[in-house]
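Structure of the sequence below:
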Amino acid sequence: MLVIGHRGAKGLAPENTLQGLEKALEHHVDAIEIDIRVTKDGVPVLLHDEQASDAAGNKLRVSECSQAELKAHKPEMPTLTEAIELVNRRVPLVIELKPKEPTEPVIKVIREFLGRGWQAEDLAFISFDFKILKALRREFPHHLLIVDELWSGVRASSRAHRLGSRDISIWAPVLWPGFIRAVSRNYRLYAFPQNSPKRASRWAKAGLHASITDYPDLFEK
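As a prediction, this is how the structure comes out:
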(Lines give C-alpha, C1' and ligand atoms only; values in the text may rest on other atoms or scores of the structure.)
Protein backbone atom coordinates (compact mmCIF):
# COMPACT_ATOMS: atom_id res chain seq x y z
CA MET A 1 0.00 0.00 0.00
CA LEU A 2 1.28 3.44 -0.94
CA VAL A 3 1.38 6.33 1.55
CA ILE A 4 0.62 9.77 0.12
CA GLY A 5 0.97 12.99 2.08
CA HIS A 6 -2.32 14.92 2.15
CA ARG A 7 -1.94 18.63 1.34
CA GLY A 8 1.73 18.09 2.07
CA ALA A 9 1.52 16.71 5.59
CA LYS A 10 -1.56 18.52 6.88
CA GLY A 11 -1.43 17.08 10.41
CA LEU A 12 2.25 17.88 10.95
CA ALA A 13 2.74 21.29 9.28
CA PRO A 14 0.60 24.05 7.73
CA GLU A 15 -1.22 22.53 4.77
CA ASN A 16 -0.21 23.32 1.20
CA THR A 17 3.05 24.99 2.20
CA LEU A 18 6.67 24.28 1.36
CA GLN A 19 7.15 23.41 5.02
CA GLY A 20 4.43 20.79 4.67
CA LEU A 21 6.04 19.32 1.57
CA GLU A 22 9.37 19.05 3.38
CA LYS A 23 7.67 17.39 6.35
CA ALA A 24 6.06 14.79 4.07
CA LEU A 25 9.41 14.04 2.46
CA GLU A 26 11.00 13.77 5.90
CA HIS A 27 8.62 10.90 6.67
CA HIS A 28 9.37 9.03 3.45
CA VAL A 29 6.02 9.23 1.70
CA ASP A 30 5.54 7.54 -1.67
CA ALA A 31 3.94 10.67 -3.14
CA ILE A 32 2.57 14.06 -2.07
CA GLU A 33 -0.87 15.53 -2.85
CA ILE A 34 -1.41 19.30 -3.09
CA ASP A 35 -4.42 21.53 -3.86
CA ILE A 36 -4.33 24.16 -6.60
CA ARG A 37 -6.27 27.38 -7.14
CA VAL A 38 -5.52 29.94 -9.87
CA THR A 39 -5.06 33.66 -9.22
CA LYS A 40 -6.55 36.53 -11.20
CA ASP A 41 -3.29 36.88 -13.13
CA GLY A 42 -3.15 33.17 -13.98
CA VAL A 43 -0.69 31.84 -11.39
CA PRO A 44 -1.45 28.40 -9.89
CA VAL A 45 -0.99 28.54 -6.11
CA LEU A 46 -1.35 25.97 -3.34
CA LEU A 47 -4.66 26.48 -1.53
CA HIS A 48 -7.63 24.27 -0.69
CA ASP A 49 -10.42 26.85 -0.35
CA GLU A 50 -11.65 29.54 -2.74
CA GLN A 51 -10.60 32.18 -0.22
CA ALA A 52 -7.31 32.69 1.59
CA SER A 53 -7.28 33.98 5.17
CA ASP A 54 -4.34 36.05 6.41
CA ALA A 55 -3.04 36.46 9.98
CA ALA A 56 -5.38 39.41 10.58
CA GLY A 57 -8.44 37.41 9.56
CA ASN A 58 -8.91 39.10 6.19
CA LYS A 59 -10.41 36.83 3.53
CA LEU A 60 -9.17 37.14 -0.03
CA ARG A 61 -10.85 35.40 -2.96
CA VAL A 62 -8.05 33.87 -4.99
CA SER A 63 -9.72 34.42 -8.37
CA GLU A 64 -10.03 38.15 -7.61
CA CYS A 65 -6.43 38.71 -6.44
CA SER A 66 -3.08 38.70 -8.17
CA GLN A 67 -0.38 36.37 -6.92
CA ALA A 68 1.55 39.38 -5.59
CA GLU A 69 -1.51 40.58 -3.63
CA LEU A 70 -1.99 37.15 -2.09
CA LYS A 71 1.71 36.86 -1.28
CA ALA A 72 1.60 40.18 0.59
CA HIS A 73 -1.17 38.85 2.87
CA LYS A 74 -0.14 35.19 2.99
CA PRO A 75 3.61 34.94 2.38
CA GLU A 76 3.72 31.21 3.12
CA MET A 77 1.46 30.42 0.13
CA PRO A 78 3.69 28.88 -2.57
CA THR A 79 3.12 28.66 -6.29
CA LEU A 80 2.84 25.36 -8.13
CA THR A 81 6.21 26.13 -9.72
CA GLU A 82 7.83 26.50 -6.29
CA ALA A 83 6.27 23.25 -5.08
CA ILE A 84 7.48 21.26 -8.09
CA GLU A 85 10.97 22.71 -7.74
CA LEU A 86 11.14 21.87 -4.05
CA VAL A 87 9.98 18.27 -4.44
CA ASN A 88 12.29 18.00 -7.45
CA ARG A 89 11.25 14.49 -8.54
CA ARG A 90 12.11 12.91 -5.19
CA VAL A 91 8.55 11.52 -5.17
CA PRO A 92 5.60 12.03 -7.53
CA LEU A 93 3.56 15.18 -6.91
CA VAL A 94 -0.21 14.61 -7.15
CA ILE A 95 -1.76 17.90 -8.27
CA GLU A 96 -5.41 18.40 -7.32
CA LEU A 97 -6.98 21.14 -9.40
CA LYS A 98 -10.07 22.30 -7.54
CA PRO A 99 -13.48 22.33 -9.29
CA LYS A 100 -14.15 25.05 -11.90
CA GLU A 101 -10.55 26.31 -11.84
CA PRO A 102 -9.01 27.08 -15.26
CA THR A 103 -6.76 24.33 -16.56
CA GLU A 104 -4.54 26.28 -18.98
CA PRO A 105 -2.32 27.95 -16.30
CA VAL A 106 -1.60 24.53 -14.79
CA ILE A 107 -1.00 22.99 -18.20
CA LYS A 108 1.48 25.77 -18.97
CA VAL A 109 3.46 25.09 -15.79
CA ILE A 110 3.52 21.33 -16.41
CA ARG A 111 4.68 21.79 -19.99
CA GLU A 112 7.52 23.98 -18.72
CA PHE A 113 8.76 21.28 -16.34
CA LEU A 114 8.43 18.53 -18.93
CA GLY A 115 10.63 20.70 -21.12
CA ARG A 116 13.15 20.87 -18.27
CA GLY A 117 13.45 17.11 -17.94
CA TRP A 118 10.58 16.11 -15.65
CA GLN A 119 8.84 12.89 -16.71
CA ALA A 120 5.20 11.80 -16.77
CA GLU A 121 5.73 9.71 -13.63
CA ASP A 122 6.86 12.79 -11.68
CA LEU A 123 3.57 14.72 -11.98
CA ALA A 124 0.10 13.24 -11.51
CA PHE A 125 -3.38 14.79 -11.47
CA ILE A 126 -6.51 14.39 -9.37
CA SER A 127 -9.83 16.28 -9.33
CA PHE A 128 -13.51 16.04 -8.47
CA ASP A 129 -14.27 17.99 -11.67
CA PHE A 130 -14.82 15.70 -14.66
CA LYS A 131 -14.31 18.51 -17.20
CA ILE A 132 -10.94 19.30 -15.64
CA LEU A 133 -9.94 15.64 -15.74
CA LYS A 134 -10.92 15.40 -19.42
CA ALA A 135 -8.86 18.49 -20.28
CA LEU A 136 -5.82 17.15 -18.42
CA ARG A 137 -6.18 13.71 -20.01
CA ARG A 138 -6.24 15.25 -23.49
CA GLU A 139 -3.12 17.29 -22.76
CA PHE A 140 -1.17 14.69 -20.77
CA PRO A 141 -2.31 11.21 -21.86
CA HIS A 142 0.60 9.40 -20.20
CA HIS A 143 0.34 10.94 -16.71
CA LEU A 144 -1.39 9.26 -13.78
CA LEU A 145 -4.95 10.61 -13.56
CA ILE A 146 -7.02 9.97 -10.41
CA VAL A 147 -10.79 10.42 -10.23
CA ASP A 148 -11.76 12.05 -6.92
CA GLU A 149 -15.15 11.13 -5.44
CA LEU A 150 -16.89 11.54 -2.09
CA TRP A 151 -19.05 8.43 -1.94
CA SER A 152 -20.24 6.91 -5.23
CA GLY A 153 -18.16 4.03 -6.51
CA VAL A 154 -20.49 3.74 -9.50
CA ARG A 155 -19.95 7.36 -10.56
CA ALA A 156 -16.22 7.17 -9.91
CA SER A 157 -15.76 3.96 -11.90
CA SER A 158 -17.88 5.33 -14.77
CA ARG A 159 -15.74 8.46 -14.96
CA ALA A 160 -12.52 6.49 -14.69
CA HIS A 161 -13.63 4.19 -17.51
CA ARG A 162 -14.50 7.15 -19.76
CA LEU A 163 -11.10 8.71 -19.03
CA GLY A 164 -9.14 5.51 -19.56
CA SER A 165 -7.94 5.65 -15.94
CA ARG A 166 -7.53 2.84 -13.41
CA ASP A 167 -7.27 5.16 -10.39
CA ILE A 168 -10.06 6.28 -8.04
CA SER A 169 -9.88 8.21 -4.75
CA ILE A 170 -12.83 8.04 -2.34
CA TRP A 171 -13.55 9.73 1.01
CA ALA A 172 -12.39 7.34 3.73
CA PRO A 173 -15.45 7.62 6.05
CA VAL A 174 -17.68 5.89 3.45
CA LEU A 175 -15.29 2.99 2.81
CA TRP A 176 -15.52 -0.52 4.20
CA PRO A 177 -13.80 -3.80 3.21
CA GLY A 178 -16.60 -5.10 0.97
CA PHE A 179 -16.77 -1.81 -0.92
CA ILE A 180 -12.97 -1.79 -1.28
CA ARG A 181 -12.91 -5.35 -2.60
CA ALA A 182 -15.60 -4.55 -5.18
CA VAL A 183 -13.91 -1.41 -6.51
CA SER A 184 -10.43 -2.94 -6.40
CA ARG A 185 -11.37 -5.72 -8.80
CA ASN A 186 -11.01 -3.25 -11.67
CA TYR A 187 -9.46 -0.09 -10.22
CA ARG A 188 -6.70 1.08 -7.89
CA LEU A 189 -8.43 2.63 -4.90
CA TYR A 190 -7.06 5.53 -2.81
CA ALA A 191 -8.62 6.55 0.55
CA PHE A 192 -8.59 10.15 1.80
CA PRO A 193 -7.91 11.21 4.46
CA GLN A 194 -6.80 7.90 5.91
CA ASN A 195 -5.08 8.48 9.25
CA SER A 196 -5.27 5.07 10.92
CA PRO A 197 -2.41 2.67 10.10
CA LYS A 198 -4.30 -0.24 11.68
CA ARG A 199 -7.39 0.38 9.57
CA ALA A 200 -5.23 0.97 6.50
CA SER A 201 -3.56 -2.40 7.06
CA ARG A 202 -6.95 -4.13 7.19
CA TRP A 203 -8.12 -2.28 4.09
CA ALA A 204 -4.90 -3.10 2.24
CA LYS A 205 -5.80 -6.79 2.64
CA ALA A 206 -9.11 -5.98 0.93
CA GLY A 207 -7.23 -4.33 -1.94
CA LEU A 208 -6.66 -0.69 -0.95
CA HIS A 209 -3.93 0.74 -3.17
CA ALA A 210 -3.04 3.93 -1.26
CA SER A 211 -3.73 5.94 1.88
CA ILE A 212 -3.73 9.72 1.47
CA THR A 213 -2.89 10.78 5.01
CA ASP A 214 -2.52 13.91 7.14
CA TYR A 215 -0.02 12.06 9.36
CA PRO A 216 2.61 10.29 7.26
CA ASP A 217 4.75 9.84 10.38
CA LEU A 218 2.26 7.22 11.63
CA PHE A 219 2.83 5.13 8.50
CA GLU A 220 6.62 5.06 8.48
CA LYS A 221 7.98 1.55 8.25
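
The nearest residue to S165 once chain neighbours are set aside bridge partners, please.
Beyond its immediate neighbours in the sequence, the residue positioned closest to S165 (Cβ to Cβ, 6 or more residues apart in numbering) is L145, lying 4.7 Å away. The C-beta positions use only the backbone N, C-alpha and C, and glycine is treated the same way. For L145, the beta-bridge partners are F125 (DSSP bridges).

and what of L46?
Going by DSSP bridges, L46 is paired in beta bridges with I36.

most centrally placed residue in the protein?
In the chain, the centroid-proximal residue (Cα atoms, centre = their mean) is E33; its distance is 3.3 Å.

my guess is that one meets I126, correct?
Yes - with the criterion set as Cβ atoms under 8 Å, E33 and I126 qualify as a contacting pair; they are 6.8 Å apart.

Overlap in contacts, the two.
Between them, E33 and I126 have V94, E96 as joint contacts when contacts are counted by Cβ atoms under 8 Å, 6 or more residues apart in numbering.

quick revisit: does the residue nearest to the centre of the chain fall in a helix, a strand, or a coil region?
Under the three-state scheme (DSSP: H, G, I helix; E, B strand; the rest coil), the conformation of E33 reads as strand.

Need the pLDDT of A56.
A56 is assigned a pLDDT of 85 by the prediction.
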